[in-house]
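[1] Sequence first, then the predicted structure:
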Amino acid sequence: MDEPTIRALRNVTFFASLSDDDLRHIAKFIGKRTYPAGHVIVQENTQGDTFHIIQEGKVEITKRFEDGEEMVLAVCGDGDFFGEMALLEGSPRSATVRTLEPTTTLEISRQGFVSLLQKAPLLAYELMKELSVRLRDTDAKMIARLQCKNEQLRQAYLDTVTAMANAIEARDPYTRGHTDRVTTIAKAIARRMNWNGEQLSSLEVGALLHDVGKIGVADAILRKPSPLSAAEYAEIKTHPEVGRRMLQGISYLESAIPGVLHHHERYDGRGYPDQLSGPGIPLAGRILAVADVFDAMTSDRPYRRAMSPQAAVAELERGAGTQFDPEVVVAFIRAWQSNDLET
Ligand SMILES: [Fe+2]
């Protein structure tokens, strides 16, 4: 995309805070189109996979109700956006968007967004965060007017951040499948500890995202086949705090923070980041610690072969009371003996 278009991007408030480098990166995934007045850009109930930012012009967003009445939900102008859910899910469009005057939009397709997630996850995350702030406003209006289901939005956030977590996992071939397995194991432990549905769903989000903060750790460190230097290890150790910062402020994901932040604490207080100990560590963190270490021990790593499950369970028992919460280890062993850990 040419410099004038990058300048145009800069004038859209949505992108105002991004650096020139970031804008150039985003520009690779953006198309630009001008529609005549009266043109239907998005048709309700049809499939669409494009997110639009209005560079110049005016559109109206309408929805048709079951009784056939069409209601104008909003009139949007320069810098506003629509079709954001198209980036997040594949369900049919919930409203119609029609131009009220000749309108130029900048467009990102879901495929473009996925490429951005893979090539520049941090940047995609920044966009997502901006979107989430705006969606909260939109969401408040939508809930009042359309009784939009909160759960759908929560799922959309979860899908997006999970895509980010998967992008991180894909950087390190040795951790492939790790996130899913940790999630299954953590839930099996929590069920043994009689957690209810809501607690389980927060734990699930925490498990899916426990290492999301590794987004900021260099590939050279994440994939290093030999032991890490002290400085490299210090960088790895920032990931729980980075993860916390990423989830803070996203209301649908905040309840997962205790697990994300504290999955590397140790029962004896010698873990990180806060050196919490015993019951002072949120239980989600104590459960994720056991699930995370068990899966790591039973997976191949560049510098060692996988341990057998029996040997890994013996290690957990040895660490009960020092590295791990003994009650969590007991719950884990019960779940393991009952074959509850299969994915
Ligand atoms: Fe971790």
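    Structure received.
[2] buried residues in stretch 102-115?
    Thr103, Thr104, Thr105, Leu106, Glu107, Ile108, Ser109, Arg110, Gly112, Phe113 (16 or more other C-beta atoms under 10 Å). For every residue, glycine as well, the C-beta is placed using N, CA and C.
[3] can you redo these as JSON lines with pLDDT and secondary structure?
    Below are these laid out as JSON lines (pLDDT from 0 to 100; DSSP: H, G, I helix; E, B strand; the rest coil):
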{"residue": "Thr103", "pLDDT": "95", "secondary structure": "strand"}
{"residue": "Thr104", "pLDDT": "93", "secondary structure": "strand"}
{"residue": "Thr105", "pLDDT": "91", "secondary structure": "strand"}
{"residue": "Leu106", "pLDDT": "88", "secondary structure": "strand"}
{"residue": "Glu107", "pLDDT": "89", "secondary structure": "strand"}
{"residue": "Ile108", "pLDDT": "85", "secondary structure": "strand"}
{"residue": "Ser109", "pLDDT": "85", "secondary structure": "strand"}
{"residue": "Arg110", "pLDDT": "80", "secondary structure": "helix"}
{"residue": "Gly112", "pLDDT": "82", "secondary structure": "helix"}
{"residue": "Phe113", "pLDDT": "78", "secondary structure": "helix"}
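[4] Tell me the one of the residues you listed nearest Val329?
    Nearest to Val329 among these, counting by C-beta to C-beta, is Phe113 at 41.4 Å.
[5] The closest one contacts Leu123, doesn't it?
    No. Phe113 is beyond contact range of Leu123, at 10.8 Å (criterion: C-beta atoms under 8 Å).
[6] Mind listing residues that contact stretch 225-234?
    Ile221, Lys224, Ile236, Pro302, Tyr303 (C-beta atoms under 8 Å, 6 or more residues apart in numbering).
[7] which element is the second one on?
    Element membership for Lys224 (DSSP states H and E) is empty, with no helix or strand holding it.
[8] can you give me the strands in the protein?
    31-35, 40-42, 50-56, 59-64, 70-76, 81-82, 96-99, 103-109 (DSSP state E).
[9] If you count contacts, what does the fifth one end up packed against?
    To tie it back to what came earlier, the one meant is strand 70-76. strand 59-64, helix 121-146 (3 or more C-beta pairs under 8 Å, 6 or more residues apart in numbering; DSSP states H and E).
[10] Which of the ones you listed comes out lowest on mean pLDDT?
    With a mean of 62, helix 121-146 has the lowest mean pLDDT of the helices and strands packed on strand 70-76.
[11] neighbours around Tyr303, how many?
    10 (other C-beta atoms under 10 Å).
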